[in-house]
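K.L.:
Dropping the sequence and predicted coords here.
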Amino acid sequence: MTFIAPRVADKKDWLSGETGDWELIIGLEVHAQVASKAKLFSGAPTEFGAEPNTQVSLVDAGLPGMLPVVNEFCVEQAVRTGLGLNAQINKFSRFDRKNYFYVDLPQGYQISQFEFPVVGEGEIEITPEGGEPVSVGIERLHLEQDAGKSIHDLSPDETYVDLNRSGVALMEIVSKPDMRSAAEASAYVDALRQIVRALGTCDGDMEKGNLRADVNVSVRRPGGELGTRCEIKNVNSLRFIRQAIHYEARRHIEILEAGGSIDQETRLFDNVKGETRTMRSKEDAHDYRYFPDPDLLPLELTDDFIAKIKADLPELPEARKARFVEQYGVPAYDAGVLTADKATGDYFEAVATGRDAKIASNWMMGELFGALNNAETDLADSPISADALGGLIDRIADKTISGKIAKDVFGKMFAGEGTADEIIERDGLKQVTDMGAIEGFVDEVIAANPDQVEKAKQNPKLLGFFVGQVMKKSQGKANPQAVNELLRQKLGL
Amino acid sequence: MAEPEHGVSRDDVKKIARLARLHVEDSQCGAIADDLNGILAWIEQLGEVNVEGVEPMTSAVDMRAPMRPDIVTAGGIRDQILANAPKAEDGFFVVPRSVE
């Protein structure tokens, strides 16, 4: 495969070496586990965390005479994901055998798609933190089987093998080498994660390894000839992806500047030491001798099959973000946070509908996310429902309480003391809008502070002092606007 | 038979054997290469057939892949799965260590 990488990185992303600047070229292969109940070619379950070898069928164990039959749901999810990546759906695709020997691969080959993947070229837009949107090309998406799991630390001279994962369906999503910084690479994986979660095709759980990335890294002089790349296998968090890229880029630059050359190789990321190291493999380990799997007929999809999936596609995060900016007038950054996952977006829409959307967004991004963060929990377990937060905002809008009092009410709601209305009623927090009562507080404060009254006439900035005193007297319940107006009037400001 | 220019060489035989984990003595490689070249030459005759306008075939059966619903129908047979294992412990297959 010849790669072209026309885009030159932003200067801020260049890496400086002893002999000048360097540019990073990154491409990713992301493995996303299909959220299916059964495996790609067998009826064994896929659930995480089962006892070893209890989720293995005779097909998964590679016993002779067993025939694989493809799981229709998995094919649908691959197509769905392809559509979500704005990619070409190939009506004809084929399964091939990728041949290699390893203890957790009982068949002696992995069923994958080599020459004719189910999904072809696509493109998504990503926004790296603190940067401008970047378009990242998708090379292909294909379906393949996962391998089993080898455990090396149960015995000093043996390996323990669990085949529960053997045969689970994976979507391998291959990007073009379109990323130029660690921030872009991690934003890309995050965007993919959001897309598959919104589509429901993969749960995106990186901790369980249900979404993991192989990272291809090389460096070149800005805009110059492409360098030799190294592939870092199976990196399973956004932070590790960034760390691995930083380490690998520095390693390449050091070798090249010392006059050396990069060996194309597969490396492992050690997340304890924060470095990559070579996987000492035999020189022909990559000779997989692909050939069409004679046990499987080609996959031929009808227009109807694809159209049905297309008709059922949900709104994707990028589209939802754009709609939030357009429909609710929230800033792009806020819209990005609010659409990071489906539940957050749904919560926001429930609060914002029929209310001031900017106020709804501010309460969510400020108080609510802050409180959830402090309580080390998330929106799914929020003690305040969207309806309840809406109820609080309604009381600010109709001037029953001030924004300041609302924050106290919010704290009590978060502690489970009831709805906004219940707490306002119980604690007598209703804002005082009765001008007579407010005037009483104002007069008392003026009478008690004759010196300040004189000073205020010279220096109108002292108004704040009086407002504070009146609010204190009213226990925060006086309408601040009314207090301001009355004070200005009485002090002659 | 001499090694043909585009045929299978002794080194190819050694490499294919290694990739397939087959033990082949050096002394046998020449004979195996000759056999393989003979077989390939015989198959080469297919090159004489005019296939213009014919789609490459993946299978001899003219049908698309049957698919199965996403329903759990297997698993839970650990004893059978492990029955042929030379060594098993705590529900795992146990094999000679695969990493250094």
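P.N.:
Everything's here; your move. Numbers count the residues shown, from 1 in each chain, chains lettered A, B, ... in the order given.
K.L.:
show me the contacts for the closest residue to chain B within the stretch 351-493 of chain A.
P.N.:
Closest contact between the stretch 351-493 of chain A and chain B, by C-beta to the nearest C-beta, is at A:A380 (25.3 Å). In this view, the C-beta of every residue, glycine as well, is placed from N, C-alpha and C. If a contact means C-beta atoms under 8 Å, 6 or more residues apart in numbering or on different chains, then A:A380 has A:A343 as its contacts.
K.L.:
so how far is A:Q194 from it?
P.N.:
Look at A:A380 and A:Q194: by C-beta to C-beta, to the nearest Å, they are 16 Å apart.
K.L.:
List the buried residues of the strand of greatest length in chain A.
P.N.:
Scanning chain A for the longest strand, with DSSP state E as the assignment, gives strand A:20-33. Residues of strand A:20-33 classed as buried: A:W22, A:E23, A:L24, A:I25, A:I26, A:G27, A:L28, A:E29, A:V30, A:H31, A:A32, A:Q33 (neighbour count, 16 or more other C-beta atoms under 10 Å in any protein chain shown).
K.L.:
How about stretch A:394-414?
P.N.:
So for stretch A:394-414, counting by 16+ other C-beta under 10 Å, buried means A:R395, A:I396, A:T400, A:I401, A:S402, A:I405, A:A406, A:V409, A:F410, A:K412, A:M413, A:F414.
K.L.:
any idea where the strands of chain B begin and end?
P.N.:
Counting by DSSP E, the segments of chain B that form strands are B:67-68, B:88-89, B:92-96.
K.L.:
can you list the ones you listed in JSON lines and add distance to chain A and mean neighbour count?
P.N.:
Output for the strands of chain B, formatted as JSON lines (distance: least, C-beta to the nearest C-beta, whole Å; neighbours: other C-beta atoms under 10 Å in any protein chain shown):
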{"stretch": "strand B:67-68", "distance to chain A": "4", "mean neighbour count": "16"}
{"stretch": "strand B:88-89", "distance to chain A": "7", "mean neighbour count": "17"}
{"stretch": "strand B:92-96", "distance to chain A": "4", "mean neighbour count": "19"}
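K.L.:
A:D146 is nearest to which of those?
P.N.:
When those are compared for distance to A:D146 using C-beta to C-beta, the nearest one is strand B:92-96, at 16.6 Å.
K.L.:
Which strands border that closest one, and is each parallel or antiparallel?
P.N.:
strand A:158-162 (antiparallel), strand B:88-89 (antiparallel) (DSSP bridges).
K.L.:
Pick the most deeply packed of those.
P.N.:
strand A:158-162 (a mean of 22; mean count of other C-beta atoms under 10 Å in any protein chain shown).
K.L.:
Dump it to CSV, keeping only the CA atoms.
P.N.:
Output in CSV follows, covering the C-alpha atoms of strand A:158-162 (Å, rounded to 0.1, in the frame of the first residue of the first chain):
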residue,chain,number,x,y,z
GLU,A,158,3.6,-22.5,31.1
THR,A,159,0.9,-20.4,29.5
TYR,A,160,-2.7,-20.7,30.4
VAL,A,161,-5.2,-20.2,27.6
ASP,A,162,-8.9,-19.1,27.8
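K.L.:
returning to that earlier point: would you mind pulling up the elements that the longest strand of chain A packs against?
P.N.:
Where contact means 3 or more C-beta pairs under 8 Å, 6 or more residues apart in numbering or on different chains; DSSP states H and E, strand A:20-33 is packed against strand A:15-17, strand A:169-175, helix A:182-199, strand A:211-220, helix A:238-257.
K.L.:
I'd like the strands paired with strand B:92-96 written out as a markdown table, with distance to A:K273 added.
P.N.:
What follows is these, written out as a markdown table (distance: least, C-beta to C-beta, whole Å):
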| stretch | distance to A:K273 |
| --- | --- |
| strand A:158-162 | 23 |
| strand B:88-89 | 31 |
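K.L.:
Need those strands in TSV (columns: distance to A:V351 and mean pLDDT).
P.N.:
Shown next, in TSV, are the strands paired with strand B:92-96 (distance: least, C-beta to C-beta, whole Å; pLDDT from 0 to 100):
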stretch	distance to A:V351	mean pLDDT
strand A:158-162	45	96
strand B:88-89	55	96
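K.L.:
With respect to A:F116, which of the ones you listed lies nearest?
P.N.:
Closest approach to A:F116 among the strands paired with strand B:92-96 (C-beta to C-beta): strand A:158-162, 31.5 Å.
K.L.:
and residue 97, what does it touch?
P.N.:
Defaulting to chain A. A:R97 neighbours (C-beta under 8 Å, 6+ apart): A:Y109, A:Q110, A:I111, A:S112, A:Y290, A:F291, A:P292, A:D293.
K.L.:
oops, I was thinking of chain B
P.N.:
A:H152, A:S155, A:P156, A:D157, A:E158, A:T159.
K.L.:
Now flag whichever of these is closest to A:R239.
P.N.:
A:H152 (24.7 Å).
K.L.:
now the helices for the stretch 351-493 of chain A?
P.N.:
Taking DSSP state H, counting those that start in this stretch as the test, the helices found in the stretch 351-493 of chain A are A:357-363, A:369-374, A:386-397, A:403-414, A:420-427, A:435-448, A:450-458, A:463-473, A:480-491.
K.L.:
Now the helices and strands packed on strand A:20-33 in JSON lines, please, with extra columns for mean pLDDT and mean neighbour count.
P.N.:
Output for those, formatted as JSON lines (pLDDT from 0 to 100; neighbours: other C-beta atoms under 10 Å in any protein chain shown):
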{"stretch": "strand A:15-17", "mean pLDDT": "90", "mean neighbour count": "14"}
{"stretch": "strand A:169-175", "mean pLDDT": "98", "mean neighbour count": "24"}
{"stretch": "helix A:182-199", "mean pLDDT": "94", "mean neighbour count": "23"}
{"stretch": "strand A:211-220", "mean pLDDT": "96", "mean neighbour count": "24"}
{"stretch": "helix A:238-257", "mean pLDDT": "96", "mean neighbour count": "19"}
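K.L.:
would you turn these into TSV with distance to chain B?
P.N.:
Listed next are the helices and strands packed on strand A:20-33 as TSV, based on distance: least, C-beta to the nearest C-beta, whole Å:
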stretch	distance to chain B
strand A:15-17	33
strand A:169-175	10
helix A:182-199	16
strand A:211-220	19
helix A:238-257	20
